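**Q** compute the structure for the input listed below.
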Amino acid sequence: MSIKCISIRYGLKLESNLYAAIGYGSIKEKQILQRLIDENIKKNNIIRPIKSDQEILEETKLEEIHNSQYHEEKQ
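**A** So this is what the prediction gives:
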């Protein structure tokens, strides 16, 4: 994971492709990546946008539903 990218969601520069992976991973993968980003934010004293864990989980679930519907339509 050496690709550099900008996480628009948090406004941080990450030394990885976490932002891209969040868009395309499973719920479990997204939760792991989210924790890594949160740790990076905490370590660097970056203020996170006001979003509850519940809101993030709901967004993740909606993305999963959308992705599964998209794949079903393609088949």
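
**Q** Three-state assignment for Ile32, please.
**A** Classification of Ile32 using DSSP: H, G, I helix; E, B strand; the rest coil returns helix.

**Q** what comes up buried for the helix or strand encompassing Ile41?
**A** Under the criterion of DSSP states H and E, Ile41 resides in helix 27-43. Judged by neighbour count using 16 or more other C-beta atoms under 10 Å, the buried positions of helix 27-43 are 30-31, 33-34, 37, 40. (Each C-beta comes from the backbone N, C-alpha and C, glycine too.)

**Q** would CSV of these with distance to Glu59 be doable?
**A** CSV is the format used below for the buried residues of helix 27-43 (distance: C-beta to C-beta, whole Å):
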residue, distance to Glu59
Lys30, 9
Gln31, 12
Leu33, 13
Gln34, 10
Ile37, 14
Asn40, 19
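
**Q** just these now: which is nearest Lys61?
**A** Ranked by distance to Lys61 (C-beta to C-beta), the buried residues of helix 27-43 are led by Lys30 at 10.0 Å.

**Q** let me know the pLDDT of that closest one.
**A** Looking at Lys30, its pLDDT is 68.

**Q** tell me where the model's unsure across the protein.
**A** 1-27, 29-30, 44-53, 66, 70-75 (pLDDT under 70).

**Q** ok, Ile37 to Ile65 distance?
**A** The gap separating Ile37 from Ile65 is 23 Å, by C-beta to C-beta, to the nearest Å.

**Q** before we move on, what about Glu55?
**A** Using C-beta to C-beta, one gets 16 Å for the distance from Glu55 to Ile65.

**Q** helix or strand for Ser68, which one?
**A** Secondary structure assigned from DSSP H and E places Ser68 in helix 53-74.

**Q** convert the C-alpha atoms of stretch 34-43 to PDB, please.
**A** Below are the C-alpha coordinates for stretch 34-43, written out as PDB (Å, rounded to 0.1, in the frame of the first residue of the first chain):
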ATOM      1  CA  GLN A  34     -12.000   3.200   9.300                       C
ATOM      2  CA  ARG A  35     -10.200   2.300  12.600                       C
ATOM      3  CA  LEU A  36      -6.800   2.800  10.900                       C
ATOM      4  CA  ILE A  37      -7.800   6.300   9.700                       C
ATOM      5  CA  ASP A  38      -9.200   7.100  13.100                       C
ATOM      6  CA  GLU A  39      -5.900   6.100  14.700                       C
ATOM      7  CA  ASN A  40      -4.100   8.300  12.200                       C
ATOM      8  CA  ILE A  41      -6.400  11.200  13.000                       C
ATOM      9  CA  LYS A  42      -5.900  10.700  16.800                       C
ATOM     10  CA  LYS A  43      -2.100  10.400  16.500                       C
END
